[in-house]
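# For reference, the sequence and a predicted model appear below.
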Amino acid sequence: LTATTSAGWSQPLRRTIFSAGARRQCGVVTNIGNIQRTSGESAASTSTSAGQYISARVTASPSYARYHSLAFHSIAGRADTPANWPSSRLGVKDTRTANSLQHVAPTLRFFSDDGSEEDDPLTAPREAMPFDVLIVGGGPAGLAASIRLKQLCAEKGKDLSVCVVEKGSEIGAHILSGNVFDPKALRELLPDIGDDWTTALQDAQSSHATPVSEDKFLVLTEDSSYSIPNFLLPSQLHNDGNYVISLGQLCRWLGGIAEEMGVEVYPGFAASEVVFDEDKKAVRGIATRDVGIGKDGKPKSTFERGVELHARQTLFAEGARGSCSEALIKHFNLRANSSEQTYGLGIKEVWEIPDEKFKPGFVQHTLGYPLQSGLTDKTFGGTFLYHQEPNLVLAGLVIGLDYANPYINPYQEFQRWKAHPEIKEHFEGGTCISYGARVLNEGGLHSLPKLTFPGGALLGCSAGFLNSVKIKGSHTALKSGMVAAEAVFDALTEGDVEPVAETFEVNTEEEIKEVTAFEDGMKDSWVHEELYEVRNCHEAFKWGLLPGLAYTGIAAHVMKGREPWTLSHSGRDADSTGEAKNYQPISYPSPDGVLTFDLLTNLQRSGTYHDDDQPAHLRIKPDLMKVPESISMQIYAAPEQRFCPAGVYEYVDDETNGDKKLVINAQNCVHCKCCSIKMPSEYIDWTVPEGGGGPSYQVM
């Protein structure tokens, strides 16, 4: 593509677009519509045959239609590269070291070109692209930050380049949440839309935001139920004024708003590693994953080196247990003054049901059966069931990953719950249309790490702002993105350093700042107030179901966070698993294929896809290679076969010696991150696959 700006100059844009099939196979997702939205009015001629280039004349302002308004990867080694392109646009030699910040002109590099003297393309220098602010993750926190930054640019007459990268094939593809949505933060983010956000969402995504009409909380026994009156529940559990939504569709809507405001949004590109400065004391950005590597670890004909994205500030909004975020927490020891994070695993289905069964805005949560068999049971978790217009039931189970019994199978517990007499009536005559799973933070205020470090910050669930008592985290994620944007904007515009939006390069003489005002802003926000009130509630459930409920009631109604003690969480969820010899295997009923389903049948409803010919992104850590067979299977009866909600891990007979060996079916992975948390000794290293891989959630 060549962009011709209103000033009359032309600039090559390194955006190469192929057929949908070619894009999917190479993990590259591109969309001419994105260029049109981000670069202004355009007239484009498109070709649908693989390998043919799309050309367009794009009219835009000089400050925006600059060289880095482009896709990050181009498919390598194409035979039909335009022969009349100048050599400066093909395979320009790049002599940078891997972490250098030297400015590199925008070029197309092809694997077949002699663009580098490196013998090994896997270690060849990467191209670099600069931004003022880089945001990793296209969820609520990341998108809110990008929108707020552009709002401030418009209000203050400044220009900062803002980029969002997202590993899902599109914005929303990896988003999974309940979701009963508290619109407080959204109204703050988009005051001009205000209460009309529900109409705007429906117009943009054909997705309903259904006002909550009925709010029930039940305690289930195996064959009956008891209702808890709402006046006994913590006020944070009340859902007056909230809405049943698809969070994935909300994010798609926000992504469109961000693009219209000038944010460069690039789905399909996975941040595989953090780029530091030379002494590793500050963050310079991230590097995207190489694409086109075969299962044997060797480059294929489609190989393309990843790209380094450099920024003056990099905001990590990857969601719970994000791989780059966890690396940063460890690198900067950000959890030195906080408790260990504890997690829950959420498993969800979406059903279409007959109109006569539909109750618009109905919300129900349960405790008890099947996770707790008695009032002193210490397994933490519960279920949710919401009715969303036009005729959807959103149902799921959340279990705390600090459970002890290694024979618990969360997926099977969810299927068993659906068959309860109080529950199954909601699904009668319906059809399951979607399935997925994702972990969530449950540690609350005590488990929040230090939020900032030189060069960046942790946002949303990358930090852990979910309120487990309120059973909500989207509103706090949105607010954290807004607060981060305001702090970062002030930090980047307070001096006389020219922005990347104007110079097209990062000024290496500029001090890499740690924007501590972000953490101060969060402590002064309603997010901190909300989390502080219930800061001890989750940990109280370690005493059992009834003591946990009693403590939560007292804390929420009377103490409101004023208790002079702290119930902190210690230890990893992986270390809470009990030895198999102390428990009995659990026999689960067979699925009927109508109300309950086997796992692999349900997995097809997640839309999960990974190219089979790539290295597995789920890897056993080198120093823990013996854990699966010698510890996990022998001591804990191989719990990974049961807790994984995608059937990734299984033990099969080793034909060479008759023993059992672990097989990792990485292509099944729904990116829930559970295995990186619950594995004995945390023996799995969760790395990103090629961008665009994983689930493709549409209504989650």
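Yes, it's here.
# where are the low-confidence patches of this structure?
Where the chain drops to pLDDT under 70, the residues are 1-118.
# Would you mind finding the longest helix in it?
Ordering each helix of the chain by length in residues (DSSP state H) puts helix 474-493 first.
# buried ones in that one?
474-489, 491-493 (16 or more other C-beta atoms under 10 Å). The way it works is simple: take the backbone N, C-alpha and C, and place the C-beta from them, glycine included.
# CA-only coordinates of it in PDB, if you can.
Extracted C-alpha coordinates of helix 474-493, given in PDB (Å, rounded to 0.1, in the frame of the first residue of the first chain):
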ATOM      1  CA  SER A 474     -14.700  -5.400  33.800                       C
ATOM      2  CA  HIS A 475     -15.600  -2.100  35.400                       C
ATOM      3  CA  THR A 476     -12.400  -2.000  37.400                       C
ATOM      4  CA  ALA A 477     -10.400  -3.000  34.300                       C
ATOM      5  CA  LEU A 478     -11.900  -0.100  32.400                       C
ATOM      6  CA  LYS A 479     -11.200   2.300  35.200                       C
ATOM      7  CA  SER A 480      -7.600   1.200  35.500                       C
ATOM      8  CA  GLY A 481      -7.100   1.800  31.800                       C
ATOM      9  CA  MET A 482      -8.500   5.300  32.100                       C
ATOM     10  CA  VAL A 483      -6.300   6.200  35.200                       C
ATOM     11  CA  ALA A 484      -3.200   4.800  33.500                       C
ATOM     12  CA  ALA A 485      -3.900   6.800  30.300                       C
ATOM     13  CA  GLU A 486      -4.200  10.000  32.300                       C
ATOM     14  CA  ALA A 487      -1.000   9.400  34.200                       C
ATOM     15  CA  VAL A 488       0.900   8.400  31.100                       C
ATOM     16  CA  PHE A 489      -0.400  11.300  29.100                       C
ATOM     17  CA  ASP A 490       0.800  13.800  31.700                       C
ATOM     18  CA  ALA A 491       4.200  12.100  31.900                       C
ATOM     19  CA  LEU A 492       4.800  12.100  28.200                       C
ATOM     20  CA  THR A 493       3.600  15.700  27.500                       C
END
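# That one packs against which elements?
If contacts are counted by 3 or more C-beta pairs under 8 Å, 6 or more residues apart in numbering; DSSP states H and E, helix 474-493 sits against strand 127-136, helix 140-156, helix 184-189, strand 307-316, helix 460-463, helix 517-523, helix 526-533.
# residues touching residue 678, list them.
Applying C-beta atoms under 8 Å, 6 or more residues apart in numbering, we find residue 678 in contact with 345, 401, 573, 574, 577, 639, 640, 643.
# give me that answer again for 10 Å
343, 345, 401-403, 406, 410, 439, 572-574, 576-577, 639-640, 642-644, 684 (C-beta atoms under 10 Å, 6 or more residues apart in numbering).
# before we move on, what about residue 699?
If you count contacts by C-beta under 10 Å, 6+ apart, residue 699 has them with 172, 207, 246, 248-249, 350, 352, 388, 392, 394, 433-434, 436.
# With residue 573 instead?
Contacts here follow C-beta under 10 Å, 6+ apart; on that basis residue 573 touches 340-345, 400-403, 439, 442, 674, 677-679, 682.
# Just give the closest residue to residue 431, not the sequence neighbours.
Counting by C-beta to C-beta, 6 or more residues apart in numbering, residue 431 lies nearest to residue 352, which is 5.1 Å off, once chain neighbours are set aside.
# Surely the one you found touches residue 433?
Yes: with contact defined as C-beta atoms under 10 Å, residue 352 counts as touching residue 433 (5.6 Å).
# Counting neighbours, go ahead and name the busier of these two.
Neighbours of residue 352 and residue 433, each counted by other C-beta atoms under 10 Å, are more numerous for residue 352; the result is 16 against 13.
# distance of that one from residue 365?
Residue 352 sits 22 Å away from residue 365, going by C-beta to C-beta, to the nearest Å.
# any idea which element the closest residue in space to residue 416 that isn't next to it in sequence lies in?
Closest residue to residue 416 apart from its sequence neighbours, by C-beta to C-beta, 6+ apart: residue 370 at 4.9 Å. Secondary structure here is read from DSSP states H and E; on that basis residue 370 sits in neither a helix nor a strand.
# Contact partners for residue 370?
Contact analysis of residue 370 by C-beta under 10 Å, 6+ apart lists 220, 222, 379, 381, 383, 397, 399, 408, 412-420, 586, 588.
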